[in-house]
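> just coords:
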């Protein structure tokens, strides 16, 4: 323990803000104080903020290798139980969070311009023929063509596109082809007339 060589006063202060249950191997050890926007516990250590699960991992196991993430088996961000923590790469962590349904998506992403209702509305209007090309959608919603293309390809907003296509019994590829074929036709006409 204390493989970080944290001074006794500091580690006692941090661990005093953690609820350690009787079944300490299996149950979560929740951080009881401040949390960041993602729900992870945060504390001050060596005059800088650190996420508490990272502190717990290093306290019990030593330094975190460069490029590695400290991940939760329990999918509970404020948990500091060292039995629940493991190392993985960023891509491995993202894959695990996606598999467990914890990956930030859609309008939860703070850089998102569109929201779930916008995506449903766009898909519905493609389906009924109101929107017939990516340029039109991109201009209406003030987003890039790539943003629209990624949405209609199912790369982004999959949680919305999957539900929409299932509810409306229309494959996403049909909606994509409706938009893409129009673009190719318009591009072909543009190049022939100039």
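Cool, the structure landed. This is a predicted model, so every value here is computed, not measured. Numbers count the residues shown, from 1 in each chain.
> Domains in this structure, by residue range?
8-103, 107-188 (automatic domain parsing).
> For those, give me JSON lines that also has mean neighbour count and mean pLDDT.
For every residue, glycine as well, the C-beta is placed using N, CA and C. What follows is the domains of the chain, written out as JSON lines (neighbours: other CB atoms under 10 Å; pLDDT from 0 to 100):
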{"stretch": "domain 8-103", "mean neighbour count": "15", "mean pLDDT": "89"}
{"stretch": "domain 107-188", "mean neighbour count": "16", "mean pLDDT": "80"}
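> got the residue ranges for the strands in this structure?
Ranges of strands in the chain, per DSSP state E, are 42-45, 48-51, 68-72, 85-89.
> Partner strands of the third one, with direction?
On the basis of DSSP bridges, the sheet neighbours of strand 68-72 come out as strand 85-89 (antiparallel).
> Show residues contacting the partner strand.
For strand 85-89, contacts defined as CB atoms under 8 Å, 6 or more residues apart in numbering pick out 53, 56-57, 64-65, 67-73, 79, 96.
> Same question for stretch 119-137.
106, 140-141, 143, 145, 148-149, 151-152, 157, 160-161, 164-165, 168, 170, 175, 178-180, 182-183, 186.
> Quick one: end-to-end length of stretch 9-29, please.
The first and final residues of stretch 9-29 sit 20 Å from each other (CA to CA, to the nearest Å).
> mind checking the end-to-end distance for stretch 122-136?
End residues of stretch 122-136 are separated by 11 Å (CA to CA).
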